[in-house]
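Peer 1: Show me the folded form of this:
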Amino acid sequence: MLEAIRRRLSYANVMATLAIFVALGGTSYAVTQIGSAQIKNNSVRGADLKNNDVDSADIENGSLLGQDFKAGQLPAGATGAPGPEGSPGSQGGQGPKGDAGPAGADGTARGYARVDFAGDLVAAQSKGVVAVTEARDMGTYDPGVYDASYDQGPVPFGAYCFDLSFTPANVLANWIADPQQVGVGPGIFTAGPNVTGVLAKDGNGHFYRCPPGYQDAGVVGRVASGTGISTARGGFFVLFN
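Peer 2: Below is the predicted model of the structure:
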C-alpha cells in the first residue's frame, strides 16, 4: 500500500496538497485574529453589521451621546435650578393710543351755574338752576321783608338771586378772571341759601333783597379793597349743594 503511494507521489502532488492546507489554515487564522488595527477607520458601515447583533457588551460605557438616540428614547432629566435674573431690557416703544373710556359718573354737586358780567345765566354751563335775577335795591330803609313799595329797581351788577329746582344747604361762588380787566382786586363773595332776609348792604347804606321766587340762594361780589358791590368782567361760577 505504502509502496503504491510512494510510486504515485510527485513534487507537484506534494506542493498542491500543502497549498490546500496553508490556504485553509491561513483563512481560519485571519478570521480569529482580525481586530481594530486591521480595519480602516470609517470603513465599517451599518449595512456590514448583522441586525440586533450589537448589544451593551459591545459598546464602551459613556461613549454614546444624547444625539445618538432617537427623539423620545431617553427619559427627561430633573428640572434644573433657576438661573440668575437677567438684566432689564431696553424700554419698548410707545404703544398705540387706547380707546376712549366710558363717561364718568355725575358729580355730587346738586347744582351749579355760570353767570356772565351782564347777569345772564349761561345755560350750557349750569345745572339745577331755573333762573337768576339781579337783587333789588330797597333804599336806605329796610322794611324787614321785601316790600315792592320800597323797591328802587335792580342792582346794576354784583348782587344776584337764584331760583333753583331744590333747596340748597351750601353755596360757594368764585370770580372768573378776565385778562384784559385791570384795576379790580381779588373778589370776595358772600353767598348763602334761603335769602329771605337782607342779602347785602352797599357802601352808601342801601339794603339789597331778593324778590319773591328768587330766594333759594343769593350771591354778592365785592372787591377786597373796598365796600362797593362788584364782579369781574368774566362773571362768576357758583356751586350749590
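Peer 1: residue ranges for the helices of this structure, please.
Peer 2: Taking DSSP state H as the test, the helices found in the chain are 2-8, 11-33.
Peer 1: Need the per-residue pLDDT for Arg233.
Peer 2: If you check Arg233, the pLDDT there is 71.
Peer 1: measure it to Val220 for me?
Peer 2: 17 Å (C-beta to C-beta, to the nearest Å). C-beta here means a position set from N, CA and C on the backbone, and glycine is covered the same way.
Peer 1: higher neighbour count, the two?
Peer 2: Ranked by neighbour count (other C-beta atoms under 10 Å), Arg233 and Val220 place Val220 first, with 25 against 14.
Peer 1: all strands of the chain, in order?
Peer 2: Ranges of strands in the chain, per DSSP state E, are 111-115, 129-134, 136-137, 159-164, 171-175, 187-193, 198-201, 207-209, 217-223, 236-240.
Peer 1: Put together CSV for these, with mean pLDDT and distance to Pro143 on each row.
Peer 2: As requested, those are exported to CSV (pLDDT from 0 to 100; distance: least, C-beta to C-beta, whole Å):
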stretch, mean pLDDT, distance to Pro143
strand 111-115, 93, 27
strand 129-134, 94, 19
strand 136-137, 93, 12
strand 159-164, 93, 17
strand 171-175, 86, 25
strand 187-193, 73, 21
strand 198-201, 86, 10
strand 207-209, 91, 9
strand 217-223, 83, 18
strand 236-240, 90, 27
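Peer 1: now those strands in a markdown table, with distance to Leu65?
Peer 2: Below are these laid out as a markdown table (distance: least, C-beta to C-beta, whole Å):
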| stretch | distance to Leu65 |
| --- | --- |
| strand 111-115 | 81 |
| strand 129-134 | 87 |
| strand 136-137 | 105 |
| strand 159-164 | 90 |
| strand 171-175 | 83 |
| strand 187-193 | 89 |
| strand 198-201 | 99 |
| strand 207-209 | 103 |
| strand 217-223 | 91 |
| strand 236-240 | 82 |
